[in-house]
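A.B. asks: coords please:
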Amino acid sequence: MAVDALDTRILRLLIERPRTSVREYARLLGVARGTLQARLDRLERTGVIAGSGPYLSAAALGHPVLAFVHIEVTQGHLDEVGDALAAVPEIIEAFSITGAGDLLTRVVARDNGHLEDVVQRLIRLPGVVRTRTEMALRERVAHRMLPLVESVGRDAADRTR
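C.D. replies: The predicted structure is shown next:
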């Protein structure tokens, strides 16, 4: 979906001021409330805006250990292993991947012992051949979308010139 300069400004405000009202966004952007609402509806309908919930901290929820667990799966069992991962609450993301392994999971834990317990649970899942775990030491770049939004907006502006 093409994102134009106004969309970029809207997305920036949503990221920087997520608890602001639609009326206030419209005022800040200098557009009619109806125009803003139509843009927001389109951005949601096309999947650019994929959610609006709060960003939660696993560390503040008592799970400060973060690891990435690569899972190798028996051929033909990717879907069933993927479905089984959804039942493990410490897995906060899982992706099928190329390269070494078949799945990459982002796992949080209370401590190293708890992480080991989670990994052992994964190893016991039917269809799992082996796992490889890499622990995160420090977050260097927090999850972010604003630089990408701004880049897409600049590219769109360049195409219209």
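A.B. asks: is it true that residue 69 touches residue 130?
C.D. replies: No. The pair residue 69 / residue 130 is not scored as a contact, 10.7 Å apart, by C-beta atoms under 8 Å. Placement of C-beta: from N, CA and C, glycine included.
A.B. asks: outside of the lowest-mean-pLDDT helix or strand in the chain, which residues touch it?
C.D. replies: Least confident helix or strand, the chain: helix 146-160 with a mean of 85, by mean pLDDT, DSSP states H and E. Under the criterion C-beta atoms under 8 Å, 6 or more residues apart in numbering, residues 2-5, 7-9, 11-12, 15-16 lie in contact with helix 146-160.
A.B. asks: try it again at 7 Å.
C.D. replies: For helix 146-160, contacts defined as C-beta atoms under 7 Å, 6 or more residues apart in numbering pick out 2-5, 8, 11-12, 15.
A.B. asks: any idea how this protein splits into domains?
C.D. replies: 1-55, 65-135 (automatic domain parsing).
A.B. asks: where along this protein do the strands fall?
C.D. replies: For the chain, strands defined by DSSP state E occupy the ranges 65-73, 91-96, 103-109, 128-135.
A.B. asks: show me the shaky parts of this protein.
C.D. replies: 1 (pLDDT under 70).
A.B. asks: all helices of it, in order?
C.D. replies: With helices called from DSSP state H, the chain shows them at 5-16, 22-29, 33-45, 78-85, 112-123, 146-160.
A.B. asks: wait, which of the ones you listed is closest to residue 99?
C.D. replies: helix 78-85 (14.5 Å; C-beta to C-beta).
A.B. asks: pretty sure residue 29 sits against residue 8.
C.D. replies: No. Counting by C-beta atoms under 7 Å, residue 29 stays clear of residue 8, with 10.9 Å between them.
A.B. asks: compare the two (neighbour count), which wins?
C.D. replies: Using other C-beta atoms under 10 Å as the criterion, residue 29 and residue 8 rank with residue 8 on top: 20 against 16.
A.B. asks: residue 149: neighbour count?
C.D. replies: The local packing of residue 149 (other C-beta under 10 Å) involves 20 other residues.
A.B. asks: same deal with residue 45?
C.D. replies: By other C-beta under 10 Å, the residues close to residue 45 number 10.
A.B. asks: please apply the same query to residue 71.
C.D. replies: Residue 71: 27 neighbours (other C-beta under 10 Å).
A.B. asks: from what I can see it touches residue 103, true?
C.D. replies: Yes. Judged on C-beta under 7 Å, residue 71 makes contact with residue 103 at a distance of 4.2 Å.
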